[in-house]
Each structure stands twice: as structure tokens, then as C-alpha cells.
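1. A predicted structure for the sequence below; I have some questions about it.
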Protein chains: 2
Amino acid sequence: MNCNVPTDIVFSFTGFAMRGGQTDTHHDGWGIAFFEGAGVRHFVDHEAAVSSPIAELIKRYPIKSKNVIAHIRKATQGVVALENCHPFVRELWGRYWVFAHNGDLKEFHPELDGAYRPVGSTDSERAFCYILQSLCRRFGDRRPERAALRAALGELTREIAAHGTFNMMLSSGGELYAHCSTSLHYLVRQYPFETARLSDEDVSVDFSQVTTPDDRVAIIVTQPLTTNEAWTAFAPGELKLFLDGMPQPEGYA
Amino acid sequence: MNCNVPTDIVFSFTGFAMRGGQTDTHHDGWGIAFFEGAGVRHFVDHEAAVSSPIAELIKRYPIKSKNVIAHIRKATQGVVALENCHPFVRELWGRYWVFAHNGDLKEFHPELDGAYRPVGSTDSERAFCYILQSLCRRFGDRRPERAALRAALGELTREIAAHGTFNMMLSSGGELYAHCSTSLHYLVRQYPFETARLSDEDVSVDFSQVTTPDDRVAIIVTQPLTTNEAWTAFAPGELKLFLDGMPQPEGYA
């Protein structure tokens, strides 16, 4: 989720968490990270999202954030263990970066120089470490302009996606990058807000009752979360940049 | 807390959290990190621990861990914000390291080379980044033997403590290092277990009912948490290494 004002994710997470063991088979752990200023609230659990007491808290406690990345895991590489749960969090350029991956990378063993090392045993954490190391090598100790960062991430995601399926999300708080390899959809909720109905549970919310006309919220997900809204599919190989609740056109800086 | 078997911290945290705004004035946020294998569950909140819904969850949900570091914050440097809440988590040598600090460092602005940069604005996070950078510079990309690491941390904590008050805890999962500048106490609970009574709330627990004879748990805290147990004060300037629920003698490796 990427928004222009701090927004809670209770509605979307309620549907999403059902896929962690109930309406889908992603039951090998889950996690969610909320940016709050430069800080991050990071929750991970190796239990299935449908039965996790921490997931229950997230559904009841409206944490407001402009950028949230959540993940439910189906173990393809790496055992079911806390250190293998996404999203992963690392620091680069004095900011926390949050990363989650849906997919599977084959024979992906990049040379890691020690600046970022995987703690767990997933292909995903290796990819995250490789991305941060590559950004660090390319741009040194200063964060580049947005256009240069976007271009670099475009190259890196193409390179990594050559090894398999690499649907991923990455954020350091302001912007959110999403790369589609096989399946990613998004939706922008903005004025005039309407009622949305979850696909995975019998829950609806009338967003016009809980928003102001200036609010804008982008939801990006592998499979659409609601039955009555128009979701847009990403093209395979596409990297989108979301800012203030909107996908930003190519060349935006 | 450092233990020889995974143990929940519900009892101690219940008393400790009261000091986050009720029986003491550390109301500017709180946090707790639980190691679980190589993974870490990390909870931070800028709300006072006594009124935080997440602290409430921790009191009710028995997360079992061999190493836990918790902190309640009284802001001395840095605003009340999520990114300034302890404990902090970073990666070194392919393991997560968790750090919390009680105290205040004056004119402590070490040169940081970019490998570890503070995200927030506390003296504490600067000290943590400096420790990790120094370990990295001294030992390169391999974790040294325990004796060498302990000696290096002894030197580093002395150097940092020269800038003010530096009661701190640091762990990468197995061992827990605790440095006392002004106030730190510890206790080892082991067979035969007895009943303990919290100082900050009217709660007792009979540990003989919830333990096995082989369990051993060290609790390290700035001020004793219970009224009827014998706490041992650290000497000022002392760095202790805890492993499997016991402080380890100097020279232990």
C-alpha cells in the first residue's frame, strides 16, 4: 500500500491474511512492515497468517502508514523459520528499506561482498542483499535522484528476473517500487470513494465514510483483493514507481 | 533475558512495562526484540508501554526465546518517534544484532564510514553503528572467536562510556553482552525454582510450576524487577557475557 496520507490497512489485510492458510496455500509464515516517518514497525511470524495472534492484532489495531508491505509465504526455498519470513528490513543511506518477494529464483547465487549478507536461506533475501549491494556500489554513499534510482532498479530487476519469477516490492518510506514478473495488480482508491467488497471474506467497507476527498491510496497485490473494483494488471517485466498513492509515469523524477 | 531453553518473558515484561509511564517516567516509547533461531521478532512503539496495544499483546502472548532485549525510553536526545525507539536491529556477519541503551552520551560523534548509518537521531543508535563498524573494521568479514569479540567489546564500551552514561545490552542470538556504566543488576533463576513477586505490580509467579529442573534464566535489568529475590549489582565499567542463562567468567571462550 502506498498513500498520500497515513492510512490503516485493516480492510485489505483482513482479506489478504485469509490467503495465508484459508483461501490460499501460503501458510508458511507471513509478515508486514509499516513505515512511520523514518521508523518501521516490522512484524513477522512463522505461523500461518490465519491463525497468528499477531495477525489478529494487525486486523484489530489500525496502524496508520503511508507505505506498507505485507507478505504471506509459501516456502519454495528455505525452511519454515522466522528468519525466512518476508518482508526483510535493512538500512541503506541512513534509511530503512523493506522488501518482499513472490516467486522463485533458480540458480541465483550472486557474489555478495559482505556489506549485506543473508541471515536466512531464501533466494528472496539473497536478491534483496544483491539489490542493496548493487545500489551501494553504483551510487556510493549518497542516495541518487529518483530517476537514476528508478533506472538502476529497472536494470537490477530485469537481471534478477532472468533467474525465474520475481514479483517484488521495495520501499524506503516515500516511494514504493513494484516489479511484476508473472502477476501483479494495482488499484487507486480516490474521490469519489465507494464501497469495496473483499473476495476472501464476507466483509465490505464504504470508504466514503472513512476518508476525506484529498485521500489517495494505491493497493498493489499479486491477485485482486476485492470483487467489485477495477484492478489493473501489470505487464510482465514492468517496474512501477508509486508515490503519494499513484503510479508515476516513466521518466517522472 | 538470556536462557538455556526458550522461555517466555511475560512475567518480567509485565513489571517492566509498568515503568513505561506508570511506576516510572520512561514513557517516550518502548521496544522489545526476541531471537528465534537466527530470526528476530522486533516490536517498537512510540507510545508509552503502559498504554500500548502492542505491549498488551506481549503481556498476553507467550513468545518463547533464549535471548530477549527490551527497552523503555525516556528521551534525552532525539525526538519521540518510532525511529528513535530501542532496541535497534542491524545485520553483521550474516546475523542480526540487537542493541539497547540506557543513558546519555555527550559529544559523541564518531566518524561513521557509511557501512552502518543511523536512521534516527539518538546518541544510542550512533553508538550501535559505531560498535558494528568497529567490529567490522577490526575483524573483517568473519566473526572472531568469543574471547576476541569479548575483548573488543570491552575496549569499545570503555571508549564510548567515557562520553557519559552507557548501560547497554547487545546480542546476536547466542550470547548476550551487558555493559554497566551506572546501574545494572542481574539474577539467575534455576533449580530449585521459587515464587517471585514483581515490584511494580501485584503479580507473583511460582516458577517451580512452569519450569523443568534443567532450565536456567538470567534476567539483566537496570533496576531489580522483583522484591523477594537476590539481585547482584554490576560494578561500574563492567562488561558481562551471558550464555545459556549464566554470566561467564572472564577469560571464558
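-> Perfect, I can see it now.

2. got the CA positions of stretch A:111-120 in CSV?
-> Taking Å, rounded to 0.1, in the frame of the first residue of the first chain, the C-alpha atoms of stretch A:111-120 are listed here in CSV:
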residue,chain,number,x,y,z
GLU,A,111,28.6,-12.7,-5.3
LEU,A,112,27.9,-10.8,-2.1
ASP,A,113,30.8,-8.7,-0.8
GLY,A,114,29.9,-8.7,2.9
ALA,A,115,28.1,-5.3,3.1
TYR,A,116,24.7,-7.1,3.1
ARG,A,117,24.6,-10.8,4.0
PRO,A,118,21.5,-13.0,4.1
VAL,A,119,20.6,-14.2,7.6
GLY,A,120,18.2,-16.8,6.4
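
3. hmm, who's touching it?
-> Residues from elsewhere that reach stretch A:111-120 (Cβ atoms under 8 Å, 6 or more residues apart in numbering or on different chains): A:78, A:81, A:83-84, A:90, A:125-126, A:128-130, A:132-133, A:136, B:38-39, B:91, B:93-96, B:115, B:141. C-beta here means a position set from N, CA and C on the backbone, and glycine is covered the same way.

4. Of those, keep whichever come out buried.
-> Among these, those classed as buried by neighbour count (16 or more other Cβ atoms under 10 Å in any protein chain shown) are A:78, A:81, A:83-84, A:90, A:125-126, A:128-130, A:132-133, A:136, B:38-39, B:91, B:93-96, B:115.

5. after the strand or helix carrying residue A:15 comes which helix or strand?
-> Using DSSP states H and E, residue A:15 sits within helix A:10-18. Downstream of helix A:10-18, the first helix or strand assigned by DSSP H and E is strand A:30-36.

6. Below-threshold pLDDT in chain A: ranges please.
-> A:252-253 (pLDDT under 70).

7. for chain B, what are the nearby residues on it?
-> Within chain A, the positions adjacent to chain B are A:36-46, A:53-54, A:57, A:61, A:81-85, A:89-91, A:93-96, A:114-120, A:141 by Cβ under 8 Å from any Cβ of the partner chain.

8. how much space between the residue nearest to residue A:138 when sequence neighbours are not counted and chain B?
-> Once flanking residues are discounted, residue A:138 sits nearest to residue A:152: 5.9 Å by Cβ to Cβ, 6 or more residues apart in numbering or on different chains. Residue A:152 sits 18 Å away from chain B when distances are taken as Cβ to the nearest Cβ, to the nearest Å.

9. show me what contacts residue A:152?
-> Residue A:152 neighbours (Cβ under 8 Å, 6+ apart): A:134, A:135, A:138, A:139, A:144.

10. Show me where the stretch 151-253 of chain A has its strands.
-> Secondary structure of the stretch 151-253 of chain A by DSSP state E, counting those that start in this stretch: the strands cover A:164-171, A:176-179, A:185-190, A:195-197, A:204-206, A:216-221, A:232-233, A:239-243, A:246-248.

11. Now render these as CSV, adding mean neighbour count.
-> Output for the strands of the stretch 151-253 of chain A, formatted as CSV (neighbours: other Cβ atoms under 10 Å in any protein chain shown):
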stretch, mean neighbour count
strand A:164-171, 23
strand A:176-179, 24
strand A:185-190, 18
strand A:195-197, 16
strand A:204-206, 14
strand A:216-221, 22
strand A:232-233, 12
strand A:239-243, 21
strand A:246-248, 17
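
12. Dump these into a markdown table; add distance to residue B:9 as well.
-> Converted to a markdown table, those look like this (distance: least, Cβ to Cβ, whole Å):
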| stretch | distance to residue B:9 |
| --- | --- |
| strand A:164-171 | 31 |
| strand A:176-179 | 34 |
| strand A:185-190 | 40 |
| strand A:195-197 | 40 |
| strand A:204-206 | 36 |
| strand A:216-221 | 35 |
| strand A:232-233 | 46 |
| strand A:239-243 | 38 |
| strand A:246-248 | 43 |
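
13. Of these, which is nearest residue B:221?
-> strand A:164-171 (36.1 Å; Cβ to Cβ).

14. Remind me what that closest one packs against, helices and strands.
-> Other elements packing on strand A:164-171 under the criterion 3 or more Cβ pairs under 8 Å, 6 or more residues apart in numbering or on different chains; DSSP states H and E are strand A:64-72, strand A:95-105, helix A:123-139, helix A:146-161, strand A:176-179.

15. So which of those is nearest residue B:185?
-> So among those, strand A:95-105 is nearest, using Cβ to Cβ, at 32.9 Å.

16. strand partners of the closest one, parallel vs antiparallel please.
-> Paired neighbours of strand A:95-105 in the sheet (DSSP bridges): strand A:88-92 (antiparallel), strand A:164-171 (antiparallel).

17. Let me have those in a markdown table, extended by distance to residue B:25.
-> As requested, the strands paired with strand A:95-105 are exported to a markdown table (distance: least, Cβ to Cβ, whole Å):
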| stretch | distance to residue B:25 |
| --- | --- |
| strand A:88-92 | 30 |
| strand A:164-171 | 35 |
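
18. Quick check: buried residues in stretch A:52-71?
-> Neighbour count says stretch A:52-71 has A:52, A:54-55, A:57-58, A:63, A:65-71 buried, by 16+ other Cβ under 10 Å.

19. Just flag the most distant two among these.
-> Among the buried residues of stretch A:52-71, A:52 and A:66 lie farthest apart (Cβ to Cβ), at 24.6 Å.

20. ok, now which ones touch residue A:2?
-> A:66, A:67, A:171, A:175, A:176, A:217, A:218, A:220, A:242, A:243, A:244, A:245.

21. For it, give its distance to chain B.
-> Where chain B is concerned, residue A:2 sits at a distance of 18 Å (Cβ to the nearest Cβ).

22. Now that residue. Its backbone dihedrals?
-> phi -130, psi 130 (degrees, to the nearest 10).

23. How about residues contacting stretch A:136-147?
-> With Cβ under 8 Å, 6+ apart, stretch A:136-147 has contacts from A:92-93, A:95, A:115-116, A:148-149, A:152, A:175, A:241, A:251-253, B:114.

24. Try it again at 7 Å.
-> The set of residues external to stretch A:136-147 that reach it, using Cβ atoms under 7 Å, 6 or more residues apart in numbering or on different chains, is A:92, A:93, A:115, A:152, A:253, B:114.

25. Could you dump the contacts of residue A:2 into CSV and include distance to residue B:234?
-> Output for the contacts of residue A:2, formatted as CSV (distance: Cβ to Cβ, whole Å):
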residue, distance to residue B:234
A:66, 43
A:67, 41
A:171, 41
A:175, 46
A:176, 45
A:217, 50
A:218, 51
A:220, 50
A:242, 49
A:243, 49
A:244, 50
A:245, 51
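
26. Quick check: residue A:6 touching residue A:67?
-> No: the criterion here is Cβ atoms under 7 Å, and residue A:6 misses it with residue A:67 at 9.5 Å.

27. Skipping its backbone neighbours, what lies nearest whichever residue of the stretch 51-200 of chain A sits closest to chain B in space?
-> Closest to chain B within the stretch 51-200 of chain A is residue A:82: 2.8 Å, counting by Cβ to the nearest Cβ. With sequence-adjacent residues excluded and distances taken as Cβ to Cβ, 6+ apart, residue A:82 is closest to residue B:39, at 2.8 Å.
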